[in-house]
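> Sharing a sequence plus its predicted fold:
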Amino acid sequence: MIVLETYSENDFVRWNEFVKKSKNGIFLFDRHYMDYHKSRFVDASLLFSYKNKIIAVLPANAAGTKIYCHQGLTFGSLLLSEKITSTQVLTVFSMLLQHYATLGFETLVYKKIPSLFEKHPAGEDLYALFRFHAKLYRRDISSVIALENRLLFSETKRQNVKKCELSGCALHQEDDFAAFWDLLHTSLLKFDVQPVHRLEEIAYLRSQFPEKIKLFTVRLKNELLAGTVIYDFGGAAHTQYMAASPAGKKIGALDFLIHQLITGPFTDKKYFSFGISTESEGRVLNEGLLQQKEMLGGRAIVLDHYEIDLNPPRAHD
């Protein structure tokens, strides 16, 4: 029999141990990462055990009448053990829907982890979403370079790389995020937005995950021209943040930066991920931003968001 438990701080260690062993877990679901902003969310996470061993966990928070998987994270999804069966996942889904419905919640919002971030195939939840009549309400387009058979940069991008090389630009890995955060903040001001993380937050997360969160910059005679914060998801490297100064944009420093990363530190990865180019819950495509990623060899994957009506919960028979 599968047993459902609500997460408490007493589960901190065994939650993290399971995430590391799960077939689709990434470090974003480690409690050292999740809990840096726990004061902003009402945790509603669940654990599922079979024969006294965890077979699945659900990172989740409650907001109003909805359960989200998870508002504070890029992705949600059930994290699954390597041994869990499709039938067990259907049972887990039935249990979690019944649990949240009994508590009075009306909707479950589920953000599917892209398959390229999974260590092993983990599509059992997609089948469960279909069986429980989930509605696809949002789809974002994201760009990824397949490094094992990567496409060439466009002619313009190749020229930018050459220009930076001839100018003496150099790639650096840095531990101090302050200068880049100033550049990032300035770059985002024109869009009237701010980085999701404050400087002290990203510094804390970097201290917890020094091998997973790294800052790379391009400098010319010590002048900061561009930079990116990379999240290492195992088989894929993801650009969490990118920014360039006016001088960096003029010389094409970001193109040089990406070229250096995919031919250097991350050449052994399967994928290099740029993130989404959509707005307004996927209904508006930022064609200019997407074109820049495509000129670097990026091609599309989609990030899907689903809703399930919890009133009443559905049986899967």
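All right, it came through fine.

> Please tell me I have it right and Leu58 contacts Gly25.
No - the pair Leu58 / Gly25 is not scored as a contact, 11.7 Å apart, by Cβ atoms under 8 Å. Using the backbone N, CA and C atoms, a C-beta is placed for each residue, glycine as well.

> Overlap of the contact sets of these two?
Shared contacts of Leu58 and Gly25 (Cβ atoms under 8 Å, 6 or more residues apart in numbering): Leu79.

> Could you pull out the helices in the protein for me?
Remark: helices assigned in the chain by DSSP state H are 12-21, 31-34, 86-102, 124-131, 155-167, 178-189, 199-208, 246-251, 253-263, 287-295.

> Include mean pLDDT and distance to Leu78 when you put the ones you listed into a markdown table, please.
Formatted as a markdown table, those follow (pLDDT from 0 to 100; distance: least, Cβ to Cβ, whole Å):
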| stretch | mean pLDDT | distance to Leu78 |
| --- | --- | --- |
| helix 12-21 | 98 | 12 |
| helix 31-34 | 96 | 15 |
| helix 86-102 | 97 | 7 |
| helix 124-131 | 97 | 5 |
| helix 155-167 | 97 | 39 |
| helix 178-189 | 94 | 33 |
| helix 199-208 | 96 | 24 |
| helix 246-251 | 96 | 41 |
| helix 253-263 | 98 | 31 |
| helix 287-295 | 97 | 29 |
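
> Which one of those lies nearest to Ile2?
Proximity to Ile2 (Cβ to Cβ) singles out helix 86-102 among these, at 5.6 Å.

> Using the centroid of the chain, identify the residue furthest from it.
Leu166 (34.8 Å; Cα atoms, centre = their mean).

> if I look at that one, how far off is Ile251?
Going from Leu166 to Ile251 by Cβ to Cβ, to the nearest Å gives 10 Å.

> Please identify every residue contacting each of these two.
With Cβ under 8 Å, 6+ apart as the test, Leu166 and Ile251 reach no residue in common.

> Check which residues of stretch 14-27 are buried.
Using 16 or more other Cβ atoms under 10 Å as the test for burial, stretch 14-27 gives 15-16, 18-19, 22-27.

> which one of these is nearest Ile258?
Nearest member of the buried residues of stretch 14-27 to Ile258, counting by Cβ to Cβ, is Ile26, at 21.5 Å.
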